[in-house]
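Student: Give me a model of this one.
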Amino acid sequence: MGRRPQPHIKERLLDACADHALAHGLPDRLEPLATATGTSARMLIYHFGTRDALLRAVLGHARQRQLDTFGDLLRVRPGEPYTATLNRAWTAITGPDGQPYLRMFGQLRESAEQQLWPNFRRTATTDWLGPLEEGLRSIGRPDLATLVLAVIRGLLMDLDATGDTTRTDQAFRDFLGAVEHLPSGHRSSACRSQERAGSTTGTDTASGT
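Tutor: Numbering: from 1, shown residues only. Model prediction:
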């Protein structure tokens, strides 16, 4: 009888493969992953079935790490303005801890490796909308999640193209400064209603009607 796959060994191999891919990029051959895990290409195929199945598993594993890490950074912290939370998250995303993920998933978006995860571009957007909406709800503006995500992604593309950390960091801080001066969504609607009512009353009084 053949050996049965052992989940704990498979998980250990997957961790090591993800570590290697984040540090060096997703390889197009199994040999680098076999070397990184201290095993053989044959054993990797035994545990994961095919090369593409292994690479998809590596991508999914790395993505979950990213979601866990940066999802935590986007959570509301008592006593901390959410714009400060966003600024800290931006620093982490663009710093040494975040760069490996940006390289890996940037490669996935821009090459034929999209075939490994065909709907990744959509997933890479929708994954972050929920955490951002929840965080921005703390300042009454969950509706800004799409805008904030678009600014982050645009500045990440700028940073990738130019390497100008100083300029992109300042641009993000300037954007957060603008967000800080926006009225709360619920409050602004109420204020607009009150202002319209007050304006009408004032006009009626002035006209003597």
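Student: make it CA atoms for all contacts and neighbour counts henceforth
Tutor: Fine.
Student: Point out where the chain drops to low pLDDT.
Tutor: For the chain, the stretches with pLDDT under 70 are 1-5, 108-114, 185-209.
Student: What ranges does it have for its strands?
Tutor: With DSSP state E, there are no strands along the chain.
Student: Geometrically speaking, which residue is the centre of it?
Tutor: Most central in the chain under Cα atoms, centre = their mean is Trp128, positioned 5.3 Å from the mean C-alpha point.
Student: ok, it to Lys10 distance?
Tutor: For Trp128, the distance to Lys10 equals 29 Å [Cα to Cα, to the nearest Å].
Student: before we move on, what about Thr39?
Tutor: As judged by Cα to Cα, Thr39 and Lys10 stand 12 Å apart.
Student: who's more crowded, the two?
Tutor: Counted by other Cα atoms under 10 Å, Thr39 and Lys10 do not tie: Lys10 has more neighbours, with 16 against 13.
Student: pretty sure the more buried one is touching Tyr46, no?
Tutor: No - between Lys10 and Tyr46 there is no contact under Cα atoms under 8 Å: 9.7 Å.
Student: how much space between Ala89 and Gly38?
Tutor: 35 Å.
Student: So for the two, which residue has more residues nearby?
Tutor: Taking other Cα under 10 Å, Ala89 and Gly38 do not tie; Ala89 has more neighbours (20 against 11).
Student: residue contacts, that one?
Tutor: Going by Cα atoms under 8 Å, 6 or more residues apart in numbering, Ala89 touches 70, 73-74.
Student: So which of those are in helices?
Tutor: Among those, the ones falling in helices (DSSP state H) are 70, 73.
Student: Select from the contacts of Ala89 the one having the most neighbours.
Tutor: The most crowded member of these, judged by other Cα under 10 Å, is Leu74 (22 neighbours).
Student: so who does that residue touch?
Tutor: 85-86, 89, 131-132, 135.
Student: Please name the nearest non-neighbouring residue to Arg77.
Tutor: Distances taken as Cα to Cα, 6 or more residues apart in numbering put Thr85 closest to Arg77, at 7.6 Å, once the chain neighbours are dropped.
Student: Check the contact between that neighbour and Pro78; I expect there is one.
Tutor: No - the criterion here is Cα under 8 Å, and Thr85 misses it with Pro78 at 10.5 Å.
Student: I am finished for the moment; much appreciated.
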